[in-house]
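Visitor: Sequence first, then the predicted structure:
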Amino acid sequence: MNPVGLTLEAILKEIESGRLNRDELFPAFHERIKMVDSKVKAFISVLDEPIEGTEDGDFYGIPYALKDNIMAIGTKTTCASRILENYDSPYDATVTEKLKKHGFFLMGKTNLDEFAMGSSTENSAFFPSRNPWDTERIPGGSSGGSAVAVASGEVPFALGSDTGGSIRQPSAYCGVVGFKPTYGLVSRYGLVAFASSLDQIGPITLSVRDSALVMNMIHGKDPRDMTTVDRKIDFMREIEEGIDGMKFVIPEEFISEGLQDEVRDVIDRTVRKIESLGAKVVRKSLPSLKYVVAVYYIIAPAEASSNLARYDGVKYGLRVEMDDLKSMYMRTRDEGFGMEVKRRIMLGTFTLSAAYYEAYFGKAQKVRTMIKNEVNEILKEYDAIIGPTTPTLPPKIGEITDPLTYYLMDIYTIPANLVGAPAISIPVDFVKGLPVGFQVMGKRYDDPKILRIARSIERNVGILDGNRYNLPKL
């Protein structure tokens, strides 16, 4: 049996039934990568021999991929940047350790926008990844490589990181499931930091049940990450219970100008289907949501400018030798960082400067609290906030040159990061051969409920055909 395109859960069932042998998995997926990756460019590095997990793990032999800003001993962690091009991972990230213990095989590291800064994977220092449904188009970002690897059948699942939508947006563009857990449920130890108060690791999978399965394995308190919380959660516990009697809200700000007509039509059809399943959907204004992009692009670059100060040519990474220390710092960072990273470092350094701190960063933090309060208040009355994951279908590679246009593509995904709330994107339909994603966002620690809602939508509206994903023709 060919395991390519099977969900993680289906692969495990086929192994347990004896119809699939664990020894067949690595060769099958490795062959798939050799066959299609030259067309989609999901991977920065592919391992000829996988990094094997524990032999007595339940998932022994099942492959997965890591976004190349997550550490794994035996791999380079480049962050798709010239400054870390030859940086060998000195240790395993906590999520890597946990997946090893369950027996998973690491196949390689996936492409991203440099240091996870971008929405298209065009900002990789090495090459852009390509959307498997139309290789002339972007796959989204920054976890574009992970979404492409899953959507094109190169691995059954991958891990990404989500700072402002970097798991959900590429998942929507590539037609797979992308889940951002509640902030603090998954350790960030071993994730190269972009914006520490926003970053969260999460799974990209072929099905909602697979996301819950992976979350059961990677969540938990970690003494090496003081932002993690000590909560034991069974993400599968209510996943098949349906949404009859639930109440959802669509913010009017999510369906106003900027939303492409084709995407709006899909969202409207999906909402009607949700209502037919016994849920109530209302439209309501959340006025603070109009500030989310502005707030994010003050806070995230400010945190990034601090986190990226460590790349100075002294401790690790690229070092451009010069006659004096200051020149070495400047030349190393100039040659090592790409344009988008430089833009955000400069923006963040400006907003953190003594003269402008209160006017920009301090004010942005206050507005962030206002957004949190408004979202939390609405979620006391409603089970979830729903709507489109992205405002548009994926544009063509190179089509957008204005950074602000890309920044606005995260308008629906950023609120979950500012609030620290769980959110998921599920594929619900195709338009012109391109997938459209639908987002569900809920209260902090309501992750099982969000997965339950998403599973009900997937089962009744989504594009997954049983336990096998209909792979794009590459």
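Guide: Perfect, I can see it now. Quick caveat: nothing in here was measured; it's all calculated off a predicted structure. Numbering: from 1, shown residues only.

Visitor: Relative to residue 318, how far out is residue 421?
Guide: Separation of residue 421 from residue 318 (CB to CB, to the nearest Å): 37 Å. The way it works is simple: take the backbone N, C-alpha and C, and place the C-beta from them, glycine included.

Visitor: Looking at these two, which has the bigger crowd around it?
Guide: With neighbours defined as other CB atoms under 10 Å, residue 421 and residue 318 compare such that residue 421 has more, 26 against 19.

Visitor: what helices or strands is the helix or strand where residue 331 lies leaning on?
Guide: Following DSSP states H and E, one finds residue 331 within helix 325-336. Using 3 or more CB pairs under 8 Å, 6 or more residues apart in numbering; DSSP states H and E as the contact test, no helix or strand touches helix 325-336.

Visitor: if you set the cut-off to 10 Å instead, what comes out?
Guide: helix 339-352 (3 or more CB pairs under 10 Å, 6 or more residues apart in numbering; DSSP states H and E).

Visitor: After the helix it packs on, heading C-terminal, what element do we hit next?
Guide: That would be, after helix 339-352 and using DSSP H and E, helix 363-381.

Visitor: List of residues touching that next one?
Guide: Contact partners of helix 363-381, identified using CB atoms under 10 Å, 6 or more residues apart in numbering, comprise 197-198, 247, 249, 251, 282, 284, 286-292, 294-300, 302, 351, 357, 385, 414-416, 418-421, 441-444, 446.

Visitor: now, which of those lie within helices?
Guide: 292, 294-300, 302, 351, 414-416, 418-419 (DSSP state H).

Visitor: Of those, which count as buried by neighbour count?
Guide: 292, 295-300, 302, 351, 414-416, 418-419 (16 or more other CB atoms under 10 Å).

Visitor: what about the residue nearest to residue 392 when sequence neighbours are not counted, how many neighbours?
Guide: Distance criterion CB to CB, 6 or more residues apart in numbering; nearest residue to residue 392, sequence neighbours excluded, is residue 260 at 4.7 Å. Counted with other CB under 10 Å, residues neighbouring residue 260 total 15.

Visitor: what does residue 401 give?
Guide: Around residue 401 there are 7 residues (other CB under 10 Å).

Visitor: Next one: it from residue 122, what distance?
Guide: For residue 401 relative to residue 122 (CB to CB), the value is 10 Å.

Visitor: rewinding a little: between the ones in helices among the contacts of helix 363-381, which is closest to residue 58?
Guide: Distance to residue 58 across the ones in helices among the contacts of helix 363-381 (CB to CB) is lowest for residue 416, with 30.4 Å.

Visitor: Can you name the residues that contact that closest one?
Guide: 162, 164-165, 168, 180-183, 198, 200, 292, 375, 385, 422-424, 439-442, 450.

Visitor: Out of the residues you listed, list just those in strands.
Guide: Using DSSP state E, the members of these that fall within strands are 162, 180, 200, 385, 423-424, 439-441.

Visitor: could I get these as a markdown table with distance to residue 396 and pLDDT?
Guide: Converted to a markdown table, the ones in strands among the contacts of residue 416 look like this (distance: CB to CB, whole Å; pLDDT from 0 to 100):
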| residue | distance to residue 396 | pLDDT |
| --- | --- | --- |
| 162 | 24 | 98 |
| 180 | 27 | 98 |
| 200 | 30 | 98 |
| 385 | 31 | 98 |
| 423 | 27 | 98 |
| 424 | 27 | 98 |
| 439 | 23 | 98 |
| 440 | 29 | 98 |
| 441 | 29 | 98 |
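
Visitor: Can you give me the neighbour number for residue 237?
Guide: So residue 237, with other CB under 10 Å, has 14 neighbours.

Visitor: same deal with residue 39?
Guide: 14.

Visitor: SS state for it?
Guide: Secondary structure, DSSP: H, G, I helix; E, B strand; the rest coil: residue 39 is helix.

Visitor: Any idea how many residues pack against the residue nearest to it when sequence neighbours are not counted?
Guide: Spatially, and ignoring its direct neighbours in sequence, residue 39 is nearest to residue 474 (5.3 Å; CB to CB, 6+ apart). Number of residues near residue 474 (other CB under 10 Å) recorded here: 16.

Visitor: Flag the shaky bits of the protein, pLDDT-wise.
Guide: Across the chain, nothing is flagged by pLDDT under 70.

Visitor: Next up, the contacts around the most centrally placed residue in it.
Guide: The centroid of the chain falls nearest to residue 167 when counting by CA atoms, centre = their mean (1.4 Å). Residues in contact with residue 167 (CB under 10 Å, 6+ apart) are 67, 140, 142-143, 146-147, 158-161, 177-181, 200-204, 413, 423-425.

Visitor: same thing with residue 46?
Guide: 30, 33-34, 37, 65, 107-110, 149, 154.

Visitor: just residue 343 next, same as before
Guide: Applying CB under 10 Å, 6+ apart, the residues near residue 343 are 117, 301, 337, 403.

Visitor: Mind doing that once more with 8 Å?
Guide: Counting by CB atoms under 8 Å, 6 or more residues apart in numbering, residue 343 touches residue 403.

Visitor: can you check residue 468 too?
Guide: Counted by CB under 8 Å, 6+ apart, residue 468 has contacts 5-7, 10.

Visitor: how about the helices of the chain, start to end?
Guide: So, for the chain - with DSSP H - the helices run 8-17, 25-40, 94-101, 144-151, 168-174, 208-218, 261-276, 292-307, 325-336, 339-352, 363-381, 403-408, 414-419, 447-460.

Visitor: Quick check: beta-bridge partners of the residue lying closest to residue 269 once chain neighbours are set aside?
Guide: Using CB to CB, 6+ apart and skipping the chain neighbours, the partner closest in space to residue 269 is residue 429 (7.1 Å). In this entry, residue 429 is beta-bridged to residue 436, by DSSP bridges.

Visitor: I'd assumed residue 457 was in contact with residue 429.
Guide: No - applying CB atoms under 8 Å, one finds residue 429 not in contact with residue 457, separated by 11.2 Å.

Visitor: ok, so what distance separates the residue nearest to residue 392 from residue 328?
Guide: From residue 260 to residue 328 the distance is 47 Å (CB to CB).

Visitor: Tell me, how many residues neighbour residue 154?
Guide: 30.

Visitor: Over to residue 380?
Guide: Around residue 380 there are 7 residues (other CB under 10 Å).

Visitor: One more: residue 119?
Guide: For residue 119, using other CB under 10 Å, the count is 29.
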